[in-house]
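*Asks:* Got a predicted model here, sequence first, then my questions.
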Amino acid sequence: MGTVASTRRETPTGRSIVLDVPGWPGNIAGQHVDVRLTAPDGYQATRSYSIASAGPEPHFELAVDRLPTGEVSPYLVDELREGDQVEVRGPLGGWFVWTPAETRPVQLIAGGSGVVPLVAMLRSHAAAAADTPMRLLYSVRSPDDRFFADELGDWDVTYAYTRSAPDGMPVGRLTADTVAAAVLPPGALVFVCGPTRFVEAVATWLVDLGHRPQDVKTERFGG
Amino acid sequence: MSIFTRGFSGRGRENGPDLPPGQYLTEDFPVLSAGPTPDVAKEDWRFEIRTENGVTGWSWDEFMALKIDEVSTDIHCVTRWSKLGTSWRGVSLDTLFEHVDTSYEYTMAHSYGGYTTNVPLEDLLDGKAWVAFEFDGEELDPEHGGPARLLVPHLYFWKSAKWVRGLELMPQDQPGFWEQNGYNMYGDPWREERYW
């Protein structure tokens, strides 16, 4: 059982939520958690969410984007408040993860709220003072739609804006050329997270650029 | 019964008899993959069954000459979506195993791209599994496993290996890719066998 310690508005459609979970064993960067909600009539809904934090402490942070047709995400973004309790199960997942023991350079590529598990990797990297390069390419609608915008200022981040951008920056969907210009060369470990279409396109471009398929780890959401 | 979640009423109530516990219905066809989608040409495609007695294999053209089944089935992904009444065309594993002799009881499915998943042999036979190459009347998209994928709809869908290229028979059960990375060895959606 998790108790909401705090929430913070991150974007017009999303927010971050810190949950205190007594007995939580801690998690590594990139893992996710199942969140289960129970209605008064006993109806339950469970969804998986990526964790934005990493570490051994008995609390963790989620960041959730409201899906217009969603059942659980609108509740988490608009209704849940400090002190509320939700059931959690985790941490889950052993593939799309990064630990400071990894010595290869790391390229992170996010589409929209796919940035969440990648932020956990950046935080884990910073906490360990790891000296391997770690870079993020973040495709997002507009500057206002960035999750953890202030914190991202501390790291090596390239933005690609799809709807509106600050003056002087291009606007448009990510292209093979943008990816080629922004990412670390083959040999780097690459994590790609975002909507299915985004991940499909980016992963294909990476292989075309010479990245070995086994060096490209993907996580997809949505239909 | 768990405690209630303040302020949550829920919208779904999709607890029909066809929906396993903890699942919700989707009209989309989401994708779960660990890496890039492999590009497999039909002319290079082969499907092989490897046992302690040897290898039986088919080229794409030989495969298309086998008896083809029409399959209508529900599918359930461990990431909690279910899709009811999906339609497929493919070759039954019963057909493929007609001339295969083995005393082993476990299989490892191997895919182009390196993915693996383990399935007991008895879960592949008796009309329970296919190698499918058409979905909803169309050739199977590469992102959904084309040119051909395993279809084992009574287990969570990660067992239905995309881009499948063969089965290796094994004397003992061994974990495949997701099974080494946190998912259940068997994966029955009706018993919610999601994780370790």
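*Replies:* Sure, I can see it.

*Asks:* so which residue of chain B comes closest to chain A?
*Replies:* Here chain B gets closest to chain A at one residue, B:Asp28, 2.5 Å apart by C-beta to the nearest C-beta. Yep, even glycine has a C-beta here, placed from its N, CA and C like the rest.

*Asks:* ok, now how distant is that residue from B:Phe97?
*Replies:* According to C-beta to C-beta, to the nearest Å, B:Asp28 and B:Phe97 sit 33 Å apart.

*Asks:* Next: B:Val152.
*Replies:* The value you get for B:Val152 to B:Phe97, if C-beta to C-beta is used, is 14 Å.

*Asks:* shared neighbours, those two?
*Replies:* Counting by C-beta atoms under 8 Å, 6 or more residues apart in numbering or on different chains, the common neighbours of B:Val152 and B:Phe97 are B:Leu124.

*Asks:* more crowded one of the two?
*Replies:* B:Val152 (24 against 18; other C-beta atoms under 10 Å in any protein chain shown).

*Asks:* OK, contacts around the more buried one?
*Replies:* B:Val119, B:Asp123, B:Leu124, B:Lys128, B:Ala129, B:Lys159, B:Ser160.

*Asks:* returning to what we had before: count of residues packed around the residue of chain B closest to chain A?
*Replies:* Residues near B:Asp28, counting by other C-beta under 10 Å, number 10.

*Asks:* That one belongs to a strand, doesn't it?
*Replies:* No. Assessed with DSSP: H, G, I helix; E, B strand; the rest coil, B:Asp28 is coil; it does not lie in a strand.

*Asks:* all helices for chain B, in order.
*Replies:* With helices called from DSSP state H, chain B shows them at B:60-64, B:93-96, B:177-180.

*Asks:* which of the residues in the first one are buried?
*Replies:* By neighbour count, and taking 16 or more other C-beta atoms under 10 Å in any protein chain shown as the criterion, the buried residues in helix B:60-64 are B:Trp60, B:Phe63.

*Asks:* does the residue nearest the centre of chain A count as helix, strand or coil?
*Replies:* Nearest to the mean C-alpha position of chain A, counting by C-alpha atoms, centre = their mean, stands A:Val116 at 1.6 Å. At A:Val116, secondary structure determined by three-state DSSP is helix.

*Asks:* ok, the residue lying farthest from the centre of chain A to B:Arg6 distance?
*Replies:* Using C-alpha atoms, centre = their mean, the residue of chain A lying farthest from its centre is A:Asp41. It sits 32.8 Å away. In this structure, A:Asp41 and B:Arg6 are 14 Å apart, going by C-beta to C-beta.

*Asks:* Show me what the lowest-mean-pLDDT helix or strand in chain B is in contact with.
*Replies:* One helix or strand of chain B scores below all others by mean pLDDT, DSSP states H and E: strand B:24-25, with a mean of 89. Defining contact as C-beta under 8 Å, 6+ apart, one finds that strand B:24-25 is touched by A:Ala45, A:Glu71, B:Gly12, B:Glu14, B:Leu19, B:Arg80, B:Trp81, B:Ser82, B:Lys83, B:Leu84.

*Asks:* List the strands paired with that strand, with their directions.
*Replies:* Paired neighbours of strand B:24-25 in the sheet (DSSP bridges): strand B:81-92 (parallel).

*Asks:* neighbouring contacts of the strand it pairs with?
*Replies:* Here strand B:81-92 has contacts from B:18-20, B:23-30, B:63, B:66-76, B:127, B:129-137, B:148, B:151, B:189, using C-beta under 8 Å, 6+ apart.

*Asks:* Could you do stretch A:213-223 as well?
*Replies:* For stretch A:213-223, the external contacting residues (C-beta under 8 Å, 6+ apart) are A:30, A:50, A:67, A:95-96, A:113-114, A:117, A:186-196, A:199-200, A:203, A:206-207, B:26-36, B:38, B:113-114.

*Asks:* do that again at 6 Å, thanks
*Replies:* Residues from elsewhere that reach stretch A:213-223, judged by C-beta atoms under 6 Å, 6 or more residues apart in numbering or on different chains: A:96, A:189-193, A:195-196, A:199, A:203, A:206-207, B:28, B:30-31, B:33, B:35-36.

*Asks:* Which of the residues you listed fall in strands?
*Replies:* Within the contacts of stretch A:213-223, residues falling in strands by DSSP state E are A:Leu189, A:Val190, A:Phe191, A:Val192, A:Cys193, A:Pro195.

*Asks:* With distance to chain A and mean pLDDT as added columns, please give the helices of chain B in JSON lines.
*Replies:* Output for these, formatted as JSON lines (distance: least, C-beta to the nearest C-beta, whole Å; pLDDT from 0 to 100):
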{"stretch": "helix B:60-64", "distance to chain A": "22", "mean pLDDT": "98"}
{"stretch": "helix B:93-96", "distance to chain A": "27", "mean pLDDT": "98"}
{"stretch": "helix B:177-180", "distance to chain A": "7", "mean pLDDT": "95"}
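
*Asks:* would you list every one of the strands in chain A?
*Replies:* Using DSSP E, the strands of chain A run over residues A:2-11, A:14-20, A:32-38, A:44-50, A:59-65, A:85-92, A:106-111, A:134-140, A:157-161, A:189-195, A:216-221.

*Asks:* Show me which residues of chain B sit near chain A.
*Replies:* Listed as neighbours of chain A in chain B under the rule C-beta under 6 Å from any C-beta of the partner chain: B:2, B:4-12, B:22, B:28, B:30-31, B:33-36, B:143, B:181-182.

*Asks:* thinking again about what came up before, make a markdown table out of the contacts of strand B:24-25 and add neighbour count, distance to A:Arg9 and pLDDT.
*Replies:* Formatted as a markdown table, these follow (neighbours: other C-beta atoms under 10 Å in any protein chain shown; distance: C-beta to C-beta, whole Å; pLDDT from 0 to 100):
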| residue | neighbour count | distance to A:Arg9 | pLDDT |
| --- | --- | --- | --- |
| A:Ala45 | 23 | 23 | 91 |
| A:Glu71 | 17 | 21 | 88 |
| B:Gly12 | 14 | 26 | 65 |
| B:Glu14 | 15 | 30 | 60 |
| B:Leu19 | 17 | 34 | 92 |
| B:Arg80 | 19 | 27 | 90 |
| B:Trp81 | 19 | 28 | 91 |
| B:Ser82 | 21 | 33 | 94 |
| B:Lys83 | 19 | 34 | 94 |
| B:Leu84 | 15 | 37 | 94 |
